[in-house]
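Colleague: here are the coordinates; sequence isn't available:
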């Protein structure tokens with residue numbers, strides 16, 4: 001299934017280059033605009049200054065501010081922005097922590113390409 005998100009912007013908060021490049025590659029066929037933050041603090045700052053962001057992919061383990069705390073801060077700015085966390089935590093633990101932080105959904109690493117596109121589609125088409 002092809003996705004066309006040429007009118008959408010995704011903020012990817014990911015400190016590991018290989019993980020970011022993987023997500024960028026997955027999303028390249030969707031024509032979505034991608035902005036990268038390399039830590040949670042940068043994700044918060046970028047979101048504050050860019051109201052065109054439609055969805056955030058948030059890694060959990062990042063330097064300075066982790067993904068859970070960054071999610072909490074961003075949700076204070078806009079509780080409706082969809083935030084999907086990427087976690088290597090066990091499903092139960094990751095889901096619980098994500099819900100507490102205000103995450104809308106989560107995906108467990110290693111990331112399944114079809115699954116992440118389906119999850120993004122569920123949220124981004126409502127923005």
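Modeller: Right, received. Where do you want to start? None of the values given here were measured: they were computed from a predicted structure.

Colleague: quick one: least confident helix or strand in this structure?
Modeller: helix 91-101 (a mean of 65; mean pLDDT, DSSP states H and E).

Colleague: Show me what the closest residue to residue 57 other than its chain neighbours is bridged to.
Modeller: Distances taken as C-beta to C-beta, 6 or more residues apart in numbering place residue 12 nearest to residue 57, at 4.8 Å, with adjacent residues excluded. Every C-beta, even on glycine, is put in place using the N, C-alpha and C of the backbone. Note on residue 12: beta-bridge partners by DSSP bridges are residue 36, residue 57.

Colleague: how about the most centrally placed residue in the chain, what does it touch?
Modeller: Taking C-alpha atoms, centre = their mean, the centroid of the chain lies closest to residue 57, which sits 0.7 Å from it. Applying C-beta atoms under 8 Å, 6 or more residues apart in numbering to residue 57 gives the contacts 10, 11, 12, 13, 14, 23, 84, 86, 120.

Colleague: Give me the helices and strands touching the helix or strand in which the last one is found, please.
Modeller: Read it as residue 120. Assessed by DSSP states H and E, residue 120 sits inside helix 113-124. Using 3 or more C-beta pairs under 8 Å, 6 or more residues apart in numbering; DSSP states H and E, the elements in contact with helix 113-124 are helix 17-28, strand 55-59, strand 83-87, strand 105-108.

Colleague: Go ahead and name everything in contact with the third one.
Modeller: Same thing as strand 83-87. Contacts of strand 83-87 (C-beta under 8 Å, 6+ apart): 14, 19, 55-60, 67-68, 71, 74-75, 94, 98, 101-109, 111, 116, 119-120, 123.

Colleague: In its sheet, which strands sit next to it, and in what direction?
Modeller: Here, using DSSP bridges, strand 83-87 pairs with strand 55-59 (parallel), strand 105-108 (parallel).

Colleague: Brilliant, that's me finished.
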